[in-house]
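Undergrad: predicted model follows, preceded by the sequence.
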Amino acid sequence: MTSSPSSPPRLLDPAQFPYRPNVGAVLFNREGKVWVGRRAPTPDTPHLAGAWQLPQGGIDPGEAPEEAVLRELAEEIGTDRVEIIAAHPEWLTYDLPPELLGRALGGRYRGQRQKWFALRFTGRDEDFRLDAHHPPEFDAWRWVPIEELPHLAVPFKREVYEVIARDFAPIAAALAAGKDVP
């Protein structure tokens, strides 16, 4: 059966796709602010161009999440001047919206299952190199208060950003006050 111009497009069933194993980085500076990058336009992710987000990326086979988050930061933002200070206790998931299912994430995943880490930035702002990744994932970056994260997130990632903003808020507060991280 062929579809006619008036018939709606056939929707894919998300249940037929797995979640992609992924890590996310909440990178804090000394003032307790969080690094966010603006997505550069790429052929693979035109739907995300201009969106602000945290660094994140896939976990390679046999790679520990802690290794993956450090690798992803070096690849995406060009620095390894970080230290892991906390890990979110749960893996968090998000689903792609129907219009991206079968297209985004190589067309093979329904969304991502993510392990999130809080990291302390130990370098200087000049250490960031957005051109470390080819093509660059980000074309701009800035430091923001952690409570802004959910408002910056694309709608399908907003719930995950709400959870990490809430759960890592004590870290931001401690760093802002010059105290030890809880």
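TA: Alright, I've got the coordinates. Residues are numbered from 1 along each chain as shown.
Undergrad: now the strands: where do they sit in the protein?
TA: Using DSSP state E, the strands assigned to the chain run over residues 19-28, 34-39, 52-53, 56-58, 82-87, 92-95, 111-121, 138-144.
Undergrad: the ones you listed into CSV, with extra columns for distance to residue 181 and mean pLDDT?
TA: Glycine gets a C-beta too; all of them are placed from N, C-alpha and C. CSV is the format used below for the strands of the chain (distance: least, Cβ to Cβ, whole Å; pLDDT from 0 to 100):
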stretch, distance to residue 181, mean pLDDT
strand 19-28, 9, 97
strand 34-39, 14, 96
strand 52-53, 23, 94
strand 56-58, 21, 95
strand 82-87, 5, 98
strand 92-95, 21, 96
strand 111-121, 7, 97
strand 138-144, 17, 96
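Undergrad: what's the nearest residue to residue 167 if we skip its chain neighbours?
TA: residue 88 (6.1 Å; Cβ to Cβ, 6 or more residues apart in numbering).
Undergrad: who's in contact with that neighbour?
TA: 115, 116, 117, 118, 163, 164, 167, 168 (Cβ atoms under 8 Å, 6 or more residues apart in numbering).
Undergrad: from residue 54, how far off is the second one?
TA: Translated: residue 116. 8 Å (Cβ to Cβ, to the nearest Å).
Undergrad: anything in contact with each of these two?
TA: 24, 25, 26, 164.
Undergrad: tell me which of residue 116 and residue 54 has more neighbours.
TA: Set side by side, residue 116 and residue 54 show more neighbours around residue 116, with 26 against 21, by other Cβ atoms under 10 Å.
Undergrad: related to what we said a few turns ago, identify the farthest-apart pair in the shared contacts of residue 116 and residue 54.
TA: Across these, the longest distance by Cβ to Cβ is 10.2 Å; it joins 25 and 164.
Undergrad: grab the CA positions of stretch 76-83 and hand them over as PDB.
TA: Listed in PDB are the C-alpha atoms of stretch 76-83, where the atom choice follows Å, rounded to 0.1, in the frame of the first residue of the first chain:
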ATOM      1  CA  GLU A  76      33.800  18.300  22.400                       C
ATOM      2  CA  ILE A  77      35.200  21.300  24.200                       C
ATOM      3  CA  GLY A  78      38.900  20.600  23.900                       C
ATOM      4  CA  THR A  79      40.000  20.400  27.500                       C
ATOM      5  CA  ASP A  80      40.900  17.700  30.000                       C
ATOM      6  CA  ARG A  81      41.400  20.200  32.900                       C
ATOM      7  CA  VAL A  82      38.600  18.700  34.900                       C
ATOM      8  CA  GLU A  83      38.000  16.400  37.800                       C
END
